[in-house]
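**Student:** Any chance you can model this:
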Amino acid sequence: MTVYFIGAGPGDPDLITVKGQRLIRTCPVIIYAGSLVPEAVLEGHQAVQVTNSASLHLEQIIDLMKSAHAQGQDVARVHSGDPSLYGAIGEQIRCLRDLQIPFEIIPGVTATAACAALLGTELTLPDVSQTVILTRYADKTDMPDGESLGELARHRATMAIHLGVSNLGRIVAELTPHYGTDCPIAVVHRASWPDQDWVTGTLADIEEKVRVKGFRRTALILVGRVLGNDVFSESSLYQAGHAHLFRP
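**Tutor:** Now for the predicted structure:
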């Protein structure tokens, strides 16, 4: 018996991995985060028990896993995006280790990757940014020392900010001294879902554009000069004069 933490991807059912889909269709027990995972992801399942965990607390979720373990039933624990990013699986894993219940993590497509695809951009461009910072805005839970938005912004790397659109004004204020008012920024609402929407702008005008759109939650913020930037050097990998192992 194994508990599989499965990344369902950002929303589009076609963006789940083949392995994740196979496990959902074969595991006898499914526990899925219904507030963020569309039911279409579960299509084709043959589970005898399917539970939406949106209204459950940690102990209730672990009780379901304990019950499945006692019956020798594999569990598909389905999370949105990639479960290792803001998936709250760490606390579940800690409980499973204490209970000596086997588990495995199945990676998924991140919301950041879905947003980059939607915007038609590469997040790492030569001469522009070779670093991507995935973070969130400190609202209900404080950030660890050294990880405030302002401290991270000092790197001027491409940044993906989760759980922050309701505090966009404060985010802009913290980013502007480091990125400049003309720095491109995008706010993407429910990337890859049927009702996906987005807006692009600069740190100077993004607040008004988001206000007009009415985005208040379930949105990811991307900021950095890779957005809409066509001025950068070509990578060495595909240059005709550059030799490597596969192209002497």
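**Student:** dump the residue contacts of Ile6.
**Tutor:** By Cβ atoms under 8 Å, 6 or more residues apart in numbering, the residues touching Ile6 are Ile16, Gly20, Leu23, Ile24, Ala76, Arg77, Val78, His79, Pro83, Ile106, Gly108. For every residue, glycine as well, the C-beta is placed using N, CA and C.
**Student:** Trp193 now?
**Tutor:** Trp193 touches Pro10, Gly11, Asp12, Pro38, counting by Cβ under 8 Å, 6+ apart.
**Student:** next one: phi and psi at Glu208?
**Tutor:** Torsion angles at Glu208 (phi, psi; degrees, to the nearest 10) stand at phi -70, psi -40.
**Student:** ditto for Ser148
**Tutor:** Main-chain torsions, Ser148, degrees, to the nearest 10: phi -70, psi 160.
**Student:** swap in Leu125?
**Tutor:** Leu125 adopts backbone torsions of phi -120, psi 140, taken as degrees, to the nearest 10.
**Student:** give me the beta-bridge partners of it?
**Tutor:** Ser129 (DSSP bridges).
**Student:** neighbour-wise, which of the contacts of Trp193 leads?
**Tutor:** The residue in these with the most neighbours, by other Cβ atoms under 10 Å, is Pro10 (28 neighbours).
**Student:** ok so, going back, list just the nearest of the contacts of Ile6 to Ile89.
**Tutor:** Pro83 (4.9 Å; Cβ to Cβ).
**Student:** I'd assumed Phe5 was in contact with that closest one.
**Tutor:** Yes - with contacts counted by Cβ atoms under 8 Å, Pro83 reaches Phe5, the gap being 4.6 Å.
**Student:** list residues touching both of the two?
**Tutor:** By Cβ under 8 Å, 6+ apart, Pro83 and Phe5 have these common neighbours: Ile89, Ile105, Ile106.
**Student:** Can you select the buried ones from those in PyMOL?
**Tutor:** Selection of buried members from those for PyMOL, criterion 16 or more other Cβ atoms under 10 Å:
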select buried, resi 89+105+106
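**Student:** What about the shared contacts of Pro83 and Phe5, which are in strands?
**Tutor:** In strands, defined here by DSSP state E, the members of the shared contacts of Pro83 and Phe5 are Ile105, Ile106.
**Student:** and Ala160, what pLDDT?
**Tutor:** In this model, Ala160 is scored at 98, pLDDT.
**Student:** Spell out which helix or strand contains it, please.
**Tutor:** For Ala160, the host element (DSSP states H and E) is strand 158-162.
**Student:** Repeat that for Arg217.
**Tutor:** Using DSSP H and E, Arg217 sits in no helix or strand.
**Student:** That one and Gly164 touch, don't they?
**Tutor:** No - between Arg217 and Gly164 there is no contact under Cβ under 8 Å: 10.2 Å.
**Student:** more neighbours, the two?
**Tutor:** Ranked by neighbour count (other Cβ under 10 Å), Arg217 and Gly164 place Gly164 first, with 19 against 9.
**Student:** What separation do you get for Asp230 and Ile206?
**Tutor:** 21 Å (Cβ to Cβ, to the nearest Å).
**Student:** Between the two, which has more neighbouring residues?
**Tutor:** Neighbour count, other Cβ under 10 Å: between Asp230 and Ile206, Ile206 has more, with 23 against 5.
**Student:** so the closest residue in space to that one that isn't next to it in sequence bridges to which residues?
**Tutor:** Nearest non-adjacent residue to Ile206, counting by Cβ to Cβ, 6 or more residues apart in numbering: Ile185, 4.9 Å away. Following DSSP bridges, Ile185 is listed with bridge partners Gly201, Val223.
**Student:** Could I get the pLDDT score of Ile185?
**Tutor:** Confidence score, pLDDT, at Ile185: 98.
**Student:** ok, back up a step: just the ones in strands from the contacts of Ile6, please.
**Tutor:** Per DSSP E, those map to strands at Ala76, Arg77, Val78, His79, Ile106.
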